[in-house]
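In: My questions are about this predicted structure, shown below with the sequence.
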Amino acid sequence: MAHEWDVSGQETGSSMPPQATGGRRITWAAVPREVAAGIERLLGDRVAGAVSQPGGFSEGLAARLRLARGGRAFVKAASTSTAPAVAAFHRREIVISRRLPRTVPAPRLLDAYDDGDWVALIFEEIPGRLPAQPWRRDELERVLAAVTDLNQALTPSPVDGTQLGRPRLGGWAALANGAAGIESATVKRIDALSPWAAGHLDELAALEESAASALAGQTLLHGDLYPFNIMLTPERVFVVDWPHAWVGAGHCDAVTLLAGVSLSGMDPQPIAEAHPLTRDLDPAQVDAVLAMHSGFLLRVAASAGPGTDLNLVNMMVALGLASLRWLRNRL
């Protein structure tokens, strides 16, 4: 049985952002003893306490660790046998994190553990918090300024594109063309989520299929820039969780982030018109990103099976519809 959503009023917008945490995290106590011992060897100390962290949707461990001699670290880990996709993302993030310049506001990777099944990343602990949701204007401005700084620091990309995954964008063309594996039930769910999108599949697909030039660039993009992947300290903005990074146009992360601000009762259009990464763009470049972004989120959400974390599905629906609303208003 597929997921069922209450889609009443979905296309009119919402003042509430999606829930910012998945429901499949494990605790430090649930990590196999030999894996925990291996992580402690890399830390050079015994773990005296662990606090699981909110934010994000991946399975596995995500915890702040307090060490016996007073040190601290943040560790995330997953098992290839039980969460193969997450483990693969962790391995990719190890490659990316080792190549990020020290000037980039991202946690420093201290070490990594990989026994062929379990893989863990050990980061410096960032004594910060997630941005408030709904967005506070001052915090959003801080984050948008940090996105501009990231763009400058990561152009050209310090990571070879062959070491990265494909950008998580696109879906309308496959839906419009009836690509293999697209079930009719998925199309029906898209109709339930957004009758407007269902009635404009060809137009959305055309935007997608002409998007290559709008996405081309030399910037290393985060690729998953949502509030649950951002940490705020009193002095800095840190961007965490980099497995979905890709190389492309510098404005893409800014558009992705702005696409969700309507969930906090803000209009993204005037913000985009003022931001240095988006204010001088050809409107078609923004439209292309919004089409690709909403297409990916809504296609994946509509095709999710019953075993998918419902928090994740609801997040994708809310953010996908917010992106689609902004695109619809622009068109």
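Out: That came in fine, so what should we check first?
In: Just say helix, strand or coil for the residue nearest the centre of the chain.
Out: The central residue of the chain, meaning the one whose C-alpha is nearest the mean C-alpha position (CA atoms, centre = their mean), is Asp224 at 2.5 Å. Per DSSP: H, G, I helix; E, B strand; the rest coil, the local secondary structure of Asp224 is coil.
In: Which parts of the stretch 151-300 of the chain are helices?
Out: Taking DSSP state H, counting those that start in this stretch as the test, the helices found in the stretch 151-300 of the chain are 172-177, 184-193, 195-199, 201-209, 212-215, 252-259, 268-274, 283-302.
In: Which one, of those, ends up nearest to Arg236?
Out: Each of the helices of the stretch 151-300 of the chain was scored for nearness to Arg236 using CB to CB, and the closest is helix 252-259 (17.0 Å). Glycine gets a C-beta too; all of them are placed from N, C-alpha and C.
In: what's the distance between that closest one and the middle of its chain?
Out: 11 Å (CA atoms, centre = their mean, to the nearest Å).
In: same question, stretch 190-209
Out: So, by CA atoms, centre = their mean, the centroid of stretch 190-209 is 23 Å from its chain's centroid.
In: Only the buried residues of it, if you could.
Out: Buried residues in stretch 190-209, counted by 16 or more other CB atoms under 10 Å: Ile190, Asp191, Leu193, Ser194, Ala197, Ala198, His200, Leu201, Leu204, Ala205, Leu207, Glu208.
In: same thing with stretch 258-271?
Out: Taking 16+ other CB under 10 Å as the criterion, stretch 258-271 shows Leu258, Ala259, Gly260, Val261, Ser262, Leu263, Ser264, Met266, Pro268, Ile271 as buried.
In: could those residues go into CSV alongside distance to Gln218 and pLDDT?
Out: Conversion of these to CSV gives the following (distance: CB to CB, whole Å; pLDDT from 0 to 100):
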residue, distance to Gln218, pLDDT
Leu258, 22, 98
Ala259, 23, 97
Gly260, 26, 95
Val261, 27, 96
Ser262, 30, 95
Leu263, 31, 95
Ser264, 32, 95
Met266, 30, 97
Pro268, 25, 98
Ile271, 25, 98
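In: What's the end-to-end length of stretch 95-107?
Out: Here the two ends of stretch 95-107 are set 14 Å apart, with distance taken as CA to CA, to the nearest Å.
In: closest to Val237 out of the helices of the stretch 151-300 of the chain?
Out: Taking CB to CB as the criterion, Val237 comes closest to helix 252-259 out of the helices of the stretch 151-300 of the chain, the separation being 11.6 Å.
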